[in-house]
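Colleague: starting from these lines, generate the structure:
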Amino acid sequence: MLLDELIEVIETVKQRINDHGSALRENEIRTRMALIDPLLQILGWDTSDPSLVMPEYNVSGGKADYALLSQKGHPTAAIEAKRLEEPLQSHLLQMVSYSAMAGIKYAGITDGNQWELYDVLRPAALEDRRILELKISDTSPYLCALKLLLLWRPNLSSGRAEKAYTPIAFPPPKVQPDPPFFDPVKWVPLSEFEAHRAKKPPEFIRFPDGSEHLLQNWYELVVHTIGWLWSIGAITMADISDFSSKSRYLFHTETVHPSGKPFISPKPVAGTPLIVEANLSKVESVKRTNALLTHCKQDLTRIQLKIKPK
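Modeller: Next comes the predicted model:
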């Protein structure tokens with residue numbers, strides 16, 4: 001079980017801090033090798049595999065010690081490493097700012113003992129964007145493990161990092177179904193979906209590359225569609241005007257409409273610098289989703305929705 005293995009590594013890290021603290025305080029590389037790398041590796045980020053972790057990654061003119069990459073090779077998090085007990089706050093704001101400019105969803109900083117992680121694209125004050133704050137030496141290994149599961153690769157790569165309250169084990173490998181890639185009993189094409197007949201949003205949306213996203217609200221149809229179109233290069237900053245009126249944006253990098261009014265319900269799009277105005281009804285959400293895909297010349301019959309049982 002992942003949790004048991006993670007606790008074991010945390011206990012090793014705590015022991016190294018106690019036994020070798022003076023040496024680790026002298027050198028960042030020692031800290032990374034002894035404290036940071038073992039934790040990243042047990043959380044699924046093999047620091048020796050450049051398809052998962054890219055060291056010394058260029059971030060908007062700066063460098064991140066670690067870029068944690070998604071399956072498509074895009075950075076999902078930038079992590080800055082410092083030597084043990086080096087003050088972190090003087091480096092934090094720069095790391096968060098660089099990550100935001102690069103459209104990287106998460107930014108973290110650590111000295112191997114203290115860990116902080118921020119949802120940098122969330123439109124809020126810096127302290128409200130902090131989703132992880134941990135000092136391993138002052139926390140029980142079990143509680144450390146639950147908090148550090150925010151960094152677990154399947155969790156962080158999803159763009160919706162969730163805190164863990166119960167033990168988590170690695171799920172069995174996901175088997176891709178044979179073409180056609182949807183189950184006609186449970187999945188329907190977006191082109192056939194009638195929002196006005198639905199009382200609840202669909203359970204999942206699935207794109208032609210097989211990626212699936214959980215839907216808890218209607219507006220998430222738009223959010224995940226923009227995220228997918230951005231990931232395949234079908235939508236860019238130049239498309240903002242195509243889905244805007246003189247007074248209102250559908251999405252933008254800022255949370256103020258052309259009219260000067262602030263977004264009523266701003267929602268960041270994971271992996272992009274974009275923020276969606278999510279003040280949409282169910283019919284508007286589906287209509288906007290269809291319009292986005294049609295504008296980008298995507299086949300609506302290949303976008304699938306899993307309908308919740310009645």
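Colleague: helices of the stretch 151-300 of the chain, residue ranges please.
Modeller: 153-157, 220-231, 282-295 (DSSP state H, counting those that start in this stretch).
Colleague: low-confidence ranges in the stretch 1-150 of the chain?
Modeller: 1 (pLDDT under 70).
Colleague: on that earlier part again, make TSV out of the helices of the stretch 151-300 of the chain and add mean neighbour count, distance to residue 28 and mean pLDDT.
Modeller: No exception for glycine: its C-beta is placed from N, CA and C like everyone else's. Listed next are the helices of the stretch 151-300 of the chain as TSV, based on neighbours: other C-beta atoms under 10 Å; distance: least, C-beta to C-beta, whole Å; pLDDT from 0 to 100:
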stretch	mean neighbour count	distance to residue 28	mean pLDDT
helix 153-157	20	23	85
helix 220-231	24	33	94
helix 282-295	18	44	92
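Colleague: same list (the ones you listed) but as JSON lines, adding distance to residue 198.
Modeller: Converted to JSON lines, the helices of the stretch 151-300 of the chain look like this (distance: least, C-beta to C-beta, whole Å):
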{"stretch": "helix 153-157", "distance to residue 198": "29"}
{"stretch": "helix 220-231", "distance to residue 198": "11"}
{"stretch": "helix 282-295", "distance to residue 198": "7"}
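Colleague: residues contacting residue 223?
Modeller: For residue 223, the contacting residues are 267, 269, 276, 278, by C-beta atoms under 8 Å, 6 or more residues apart in numbering.
Colleague: how does it look with 7 Å?
Modeller: 267, 269, 276 (C-beta atoms under 7 Å, 6 or more residues apart in numbering).
Colleague: could I get these as a markdown table with distance to residue 18, neighbour count and pLDDT?
Modeller: A markdown table is the format used below for these (distance: C-beta to C-beta, whole Å; neighbours: other C-beta atoms under 10 Å; pLDDT from 0 to 100):
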| residue | distance to residue 18 | neighbour count | pLDDT |
| --- | --- | --- | --- |
| 267 | 44 | 24 | 93 |
| 269 | 43 | 24 | 91 |
| 276 | 47 | 26 | 93 |
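Colleague: out of those, which are inside strands?
Modeller: Taking DSSP state E, the ones among the contacts of residue 223 that sit in strands are 267, 276.
Colleague: so which of the contacts of residue 223 comes closest to residue 36?
Modeller: residue 269 (29.1 Å; C-beta to C-beta).
Colleague: from memory that closest one sits against residue 276, does it?
Modeller: Yes: Residue 269 is within contact range of residue 276, at 6.1 Å (criterion: C-beta atoms under 7 Å).
Colleague: out of the helices of the stretch 151-300 of the chain, which gets nearest to residue 18?
Modeller: That would be helix 153-157 among these, by C-beta to C-beta, at 28.4 Å.
Colleague: helices or strands up against that closest one?
Modeller: Packing partners of helix 153-157 (3 or more C-beta pairs under 7 Å, 6 or more residues apart in numbering; DSSP states H and E): strand 75-81.
Colleague: list the buried ones in the longest helix along the chain?
Modeller: The single longest helix within the chain, with elements called by DSSP state H, is helix 2-24. In terms of neighbour count (16 or more other C-beta atoms under 10 Å), helix 2-24 has its buried residues at 2-3, 6-7, 9-10, 12-14, 16-17, 24.
Colleague: cool, stretch 294-303 as well?
Modeller: Quick answer for stretch 294-303 (16+ other C-beta under 10 Å): 296, 298, 302-303.
Colleague: likewise stretch 242-260?
Modeller: 243-244, 249-252, 255, 257.
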